[in-house]
Structures are given as C-alpha cells and as structure tokens.
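Asker: Sequence below, structure please.
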Amino acid sequence: MTEAERHRLKEKIAADMEILKADVDALRDSIKPIPPDAAIGRLTRMEMIGNKGICESNLRSAQTRLTKLESALKRIDSVDFGICVECEEPIPLKRLMIVPETLRCVHCMET
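Answerer: The predicted structure is shown next:
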C-alpha cells in the first residue's frame, strides 16, 4: 500500500468514525427509559418499547464498529495492515475503503 493510499484510508476511517460518533450520541438519546404514560400520536407504549430495543441493538452495532475503526486507525501504519490474517495475501484497497476495519480478504471471509 502506497503512502497516498494509506492517507486516503486514514481520511476515510476518520470520516466514518465522526459519523458513527454522531450516530452513537443520537442512539443514546433514543434509548432513555419510556415513561408509563408515554404515547406520541398513534404510537403506543409497546411500539415505543419495541423501537427502543431496535435502537439499543443499533447502538451496540455502532459502538462495536467504532471500536474496530479505532483499532484499524492504530494499526494502519504497521507493515501488516491490509494483509489478510488467514491467507496472508494483500486485501484489495477497494475492500479496505468499504470496510477499513476488515482483517480478512473476501475469499477468506467466504470460507
């Protein structure tokens, strides 16, 4: 991986992290406890509780991806960054630009 590619990837990771941080903040606001008498328009309390569960799941996913991106950013300058941990072949830059936190190439992910 060239320095220019590494720089582009760092910028992509930083941008993804900023978006995820905003998402995490918004999701934290949406998982506050539901008061017993809460109802907004046509939403019933049960629908609000169901929505809260979905938001909690989305929050966990966003936090997990944020942690993986932070790890990728720390590893990006190492010589083995972008090398598949299974087959030890380079992971294509296009894949890294889509999923910068990946540790495996597409072939190894499928097997």
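Asker: Helix or strand for the residue nearest the centre of the chain, just tell me which one.
Answerer: For the chain, residue 65 is the residue whose C-alpha lies nearest the centre (Cα atoms, centre = their mean; 2.7 Å). Element membership for residue 65, per DSSP states H and E: helix 45-75.
Asker: by contact count, what packs against that helix?
Answerer: In terms of contacts (3 or more Cβ pairs under 8 Å, 6 or more residues apart in numbering; DSSP states H and E), helix 45-75 is packed against helix 3-30. From N, CA and C alone the C-beta is placed, and that goes for glycine too.
Asker: What are the buried residues along the helix it packs on?
Answerer: When burial is assessed from 16 or more other Cβ atoms under 10 Å, helix 3-30 yields the following buried residues: 6, 9, 13, 16, 17, 20, 23, 24, 27.
Asker: How about stretch 59-67?
Answerer: Within stretch 59-67, the residues scored as buried using 16+ other Cβ under 10 Å are 59, 62, 65, 66.
Asker: if I read this right, the first one contacts residue 24, doesn't it?
Answerer: Yes: Residue 59 lies in contact with residue 24 (Cβ atoms under 8 Å); the separation is 6.5 Å.
Asker: Could you name every residue contacting both of these two?
Answerer: Counting by Cβ atoms under 8 Å, 6 or more residues apart in numbering, no residue touches both residue 59 and residue 24.
Asker: before we move on, back to that, so what angle separates the directions of the helix holding residue 65 and helix 3-30?
Answerer: Orientation note: helix 45-75 sits at an angle of 150 degrees relative to helix 3-30 (axes from the mean of the first three to the mean of the last three Cα atoms, to 10 degrees).
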